[in-house]
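Enquirer: only the shape, not the letters, is given here:
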């Protein structure tokens, strides 16, 4: 399963922002739809009341003085069922103690409208029903001709009241709201899923840039490769330009360092030759100082080259090819011995750095082993955890005591002046490995002699 985005990530911000606005929009839209539906149901309910009231008025005719009667043409079963929620009531105005004419559904209950609001020729309000019902009331005053007891014609006003249970409105609105909530919830989940997919797909180019930079850092590529969208292409182009510029600057710096070392070595060689041709205390002193200067030049040249290589992205070196070349060349430099170098290298192993630095590191270790080995040198390279690989170089020589191993790692810590060399080999290995974030340690070899263990960053 895909990991949840972190709160400070661009993915989270885009999804959260779009999700919040979508939820707010759906909530506001739902309230508006619910209000519109309630208004439509209310209007339909009022229209029904108006229609029924008009039918009631049309069916009414003058009866006894102060009363009206209904013709048989107004017959609706809703008004015949007791407490059905639909009621009508007709009462005369200005006649005290006059019993109103009621629908059968009202039984002996009298409607008392409240909160009446007059619109055109009718009044709308509410009343309590006989079964604790909330009723919507329509009231209209109608004038009917009547005859008094003396035979005088006159006009009497009757109040026609029609009421319906608003529970029907609330039930319809509640049903609609339930359907609306589930529909909007489903729509909201669909929108969130669409937003998630859109953001994930939209940010894929940034992930490709990250992966391309990782390949460069691991040495599997020298520049950003691939087709990027128009918004990302300028960024990729600028990064490629920056990488190229960085490599160019580092290359020039390394060239200057190499030239400086070359210019220094030539005069040092002249001084050494002149000192060797004129024996004496002064010549010996000059020779010693020249040797010290050569060691320092070699040491700092190796450090400068390694430090420069760290700033160049995309460095990758095949370990097997370097070790095989060293195993073929170094025994010839010690031809007085019959040395055998046993190689064991994991397939596909690569060093995340420059080839010259790996040759410097491995060459110093193998050359040191060649100096002290009797017959056999074992070189083993294998990957270890943490994105590193371990290079072990052991020999069958006399080995070193623990306190001598510490001295051997010091700069210029030569343990035997009879063996050729500057005495800086292990110190150079230590310093260069440290620049790469690695380390070198000395221990006892399974062959009986000394074993150097060097950890370096591994290219994927």
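Expert: Nice, I can see it. What you see is a predicted model, and the numbers here were worked out from it, not measured in a lab.

Enquirer: which sections of the stretch 51-200 of the chain are below the confidence cut-off?
Expert: For the stretch 51-200 of the chain, applying pLDDT under 70 flags the ranges 63-66, 71-73, 75, 96-97, 146-153.

Enquirer: now do the strands in it.
Expert: With DSSP state E, counting those that start in this stretch as the definition, the stretch 51-200 of the chain shows strands at residue ranges 60-62, 68-70, 86-92, 101-102, 114-119, 122-128, 134-147, 153-165.

Enquirer: in JSON lines: the ones you listed, plus mean neighbour count and distance to residue 206.
Expert: Just so you know, the C-beta spots here come from the backbone N, C-alpha and C atoms, and that holds for glycine as well. Listed next are the strands of the stretch 51-200 of the chain as JSON lines, based on neighbours: other C-beta atoms under 10 Å; distance: least, C-beta to C-beta, whole Å:
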{"stretch": "strand 60-62", "mean neighbour count": "15", "distance to residue 206": "80"}
{"stretch": "strand 68-70", "mean neighbour count": "17", "distance to residue 206": "80"}
{"stretch": "strand 86-92", "mean neighbour count": "23", "distance to residue 206": "66"}
{"stretch": "strand 101-102", "mean neighbour count": "19", "distance to residue 206": "77"}
{"stretch": "strand 114-119", "mean neighbour count": "10", "distance to residue 206": "62"}
{"stretch": "strand 122-128", "mean neighbour count": "17", "distance to residue 206": "62"}
{"stretch": "strand 134-147", "mean neighbour count": "17", "distance to residue 206": "60"}
{"stretch": "strand 153-165", "mean neighbour count": "19", "distance to residue 206": "62"}
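
Enquirer: wait, a strand at residue 342?
Expert: Yes - assessed with DSSP: H, G, I helix; E, B strand; the rest coil, residue 342 lies in a strand.

Enquirer: tell me the angle the longest helix along the chain makes with strand 153-165.
Expert: Longest helix of the chain, by residue count under DSSP state H: helix 10-59. On the basis of axes from the mean of the first three to the mean of the last three C-alpha atoms, to 10 degrees, helix 10-59 is oriented at 150 degrees to strand 153-165.

Enquirer: how far off strand 122-128 does helix 10-59 point, in degrees?
Expert: Going by the same axes, to 10 degrees, helix 10-59 makes 110 degrees with strand 122-128.

Enquirer: and helix 10-59, what other elements does it pack with?
Expert: strand 86-92, strand 122-128, strand 134-147, strand 153-165, helix 167-202 (3 or more C-beta pairs under 8 Å, 6 or more residues apart in numbering; DSSP states H and E).

Enquirer: now the angle between helix 167-202 and it, please.
Expert: 160 degrees.

Enquirer: buried set for the helix or strand hosting residue 322?
Expert: Here residue 322, judged by DSSP states H and E, is contained in helix 319-333. Neighbour counts over helix 319-333 (16 or more other C-beta atoms under 10 Å) mark 319, 322, 323, 326, 327, 330, 331 as buried.

Enquirer: which parts of the stretch 201-350 of the chain are strands?
Expert: Ranges of strands within the stretch 201-350 of the chain are 317-318, 340-345, 350-351, based on DSSP E, counting those that start in this stretch.

Enquirer: parallel or antiparallel, list what pairs with the longest one.
Expert: Sheet pairing here is set by DSSP bridges, and for strand 340-345 it gives strand 376-384 (parallel).

Enquirer: distance from the strand it pairs with to the middle of the chain?
Expert: 42 Å (C-alpha atoms, centre = their mean, to the nearest Å).

Enquirer: helix or strand right after that strand?
Expert: Heading C-terminal from strand 376-384 (DSSP H and E), you reach strand 388-395.

Enquirer: could you give the average pLDDT over that next one?
Expert: The average pLDDT within strand 388-395 is 91.

Enquirer: now do the helix or strand following that strand, average pLDDT.
Expert: Next in sequence after strand 388-395, counting helices and strands by DSSP H and E, comes helix 402-408. Here helix 402-408 scores 78 as its mean pLDDT.

Enquirer: list the buried residues for the next helix-or-strand element following helix 402-408?
Expert: Sequence order places helix 425-435 as the next helix or strand after helix 402-408, per DSSP H and E. For helix 425-435, the buried set under the neighbour-count rule, 16+ other C-beta under 10 Å, comprises 425, 426, 427, 428, 429, 430, 431, 432, 433, 435.

Enquirer: and those, which two are the farthest apart?
Expert: In those, two members sit farther apart than any others by C-beta to C-beta. They are 425 and 435, at 16.2 Å.

Enquirer: domain parsing for the chain?
Expert: 28-172, 245-310, 317-457 (automatic domain parsing).

Enquirer: buried deepest among the ones you listed, which one?
Expert: Of all those, domain 317-457 carries the top mean neighbour count, a mean of 17, counting by mean count of other C-beta atoms under 10 Å.

Enquirer: start to end distance for it?
Expert: Using C-alpha to C-alpha, to the nearest Å, the gap from the first to the last residue of domain 317-457 comes to 11 Å.

Enquirer: just to revisit the earlier point, so which of the strands of the stretch 201-350 of the chain comes closest to residue 144?
Expert: strand 350-351 (108.6 Å).

Enquirer: what does stretch 229-238 contact?
Expert: Here stretch 229-238 makes contact (C-beta atoms under 8 Å, 6 or more residues apart in numbering) with 205, 206, 209, 212, 224, 226, 228.
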